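> Any chance you can model this:
(chains A and B)
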Amino acid sequence: MDREKKSERKRLTIQLLWTLLTNAFVVGFARGSIYQGKLKSICVPGLNCYSCPGAIASCPIGAMQAVLGSYEFRLPLFVTGFLILVGTICGRFVCGFLCPFGLVQDLLYRIPFPKKWHTFPGDRLLRYLKFLVLAVFVVALPLLVTDLIGQGYPWFCKLICPSGTLMGGIPLIGLNDSLKESIGLLFAWKMGLLIFLCLVGVVLCRPFCRYLCPLGAIYGLLQQASFYRLSVDQDACISCGQCARVCPMACEPTKRPNDMECIRCGRCKAACPTEAIDLGFSKQKKNSRP
Amino acid sequence: MKKNQVSMLLLLLGCVCLGAGWLRGENGVILAKAIRICLECVGIG
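This next block holds a predicted model:
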């Protein structure tokens, strides 16, 4: 139990430090403005809205839609390459450690509630929804629905992204009277979605990551090929099921160590009584799966 | 093909795409979008 607490404390520290580092433009929060430096031409690995007053770099999903919707390029080579690189190196480690909205959801799940849901019937099937979100709202709509000069809109940001509402919308609208006067039905919809996800997030761990996050979908696809891997020593494993019980994403590490839903939080490793689980860049042992 | 070979190929592909995107100036589009308040992102546009 002590090992689990230590591991979670370490992860929380990394999540907090990363969020502070990538949202270090503190002046933006005071002025109600955003950072306009050249660092914004590169991306951070997690879902971090570039309209957050503190953001010092760009959100990869926002950047991908910006290029897809531009009349000059259409094919987002830079962001795709960036996501392939990050995903191949560390897979969904990004979700577990380097995503500010993942941190928000982890904190929400820490709020005490009489009954917490680990999983439910249909949970696994619903998780494919994020691939549909990626295909429709991130790729197809920005590419195909364009205005007179051929520019598309960031439909995922516009209609879904709760990270943008929380990190960009609320602080900017709160600090700018002109923006406050412009809010309407769209803002109400986005706030409603954010509140809904936050409420569900108290009883079910990371609902946005499970069902809606297109970034999680991309990193999930690359998880099988990623160098940062989870492996289970089959000789040491006593099949007690403790790893599956503590997994916040309801994965079964002994059956599918590199499940695309695993966010590499390391709770299973810390909870394993026989230390049969390994997580890292180390080479796979002969008796480990897979 | 072994898993490690697939991973290495993906790394290579990632580097090529990243470099190609950088060379053709996609970062300019990203920068132009990211330094202005994105009204869609904040829920207004």
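> List the residues that contact the spatially most central residue of chain A.
Most central in chain A under CA atoms, centre = their mean is A:Cys95, positioned 4.4 Å from the mean C-alpha point. For A:Cys95, the contacting residues are A:46, A:102, A:209, A:213, A:215-216, A:219, A:263-264, by CB atoms under 8 Å, 6 or more residues apart in numbering or on different chains. (Each C-beta comes from the backbone N, C-alpha and C, glycine too.)
> which of those residues lies closest to chain B?
Ranked by distance to chain B (CB to the nearest CB), these are led by A:Tyr219 at 12.3 Å.
> Just the pLDDT at that closest one, thanks.
On the pLDDT scale, A:Tyr219 is placed at 97.
> and residue 25, what does it touch?
In the absence of a named chain, chain A is used. So A:Phe25 contacts A:34-35, A:53-56 (CB under 8 Å, 6+ apart).
> Hmm, no, I was thinking of chain B.
Going by CB under 8 Å, 6+ apart, B:Gly25 touches no other residue.
> Model confidence score at it, please.
The model reports B:Gly25 with a pLDDT of 93.
> In helices, which of the contacts of A:Cys95 appear?
Mapping these onto helices (DSSP state H) picks out A:102, A:209, A:215-216, A:219.
> would you list those in TSV and tack on neighbour count and distance to A:Val232?
Shown next, in TSV, are those (neighbours: other CB atoms under 10 Å in any protein chain shown; distance: CB to CB, whole Å):
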residue	neighbour count	distance to A:Val232
A:Gly102	27	24
A:Cys209	28	23
A:Leu215	29	27
A:Gly216	31	23
A:Tyr219	27	21
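> Keep these, but drop any that are not near chain B.
For chain B, no contacts are drawn from these by CB under 8 Å from any CB of the partner chain.
> hey, where'd the helices end up in chain B?
Secondary structure of chain B by DSSP H: the helices cover B:3-23, B:26-34, B:39-42.
> Buried deepest among the ones you listed, which one?
Compared across the helices of chain B, helix B:39-42 shows the largest average neighbour count, a mean of 25 (mean count of other CB atoms under 10 Å in any protein chain shown).
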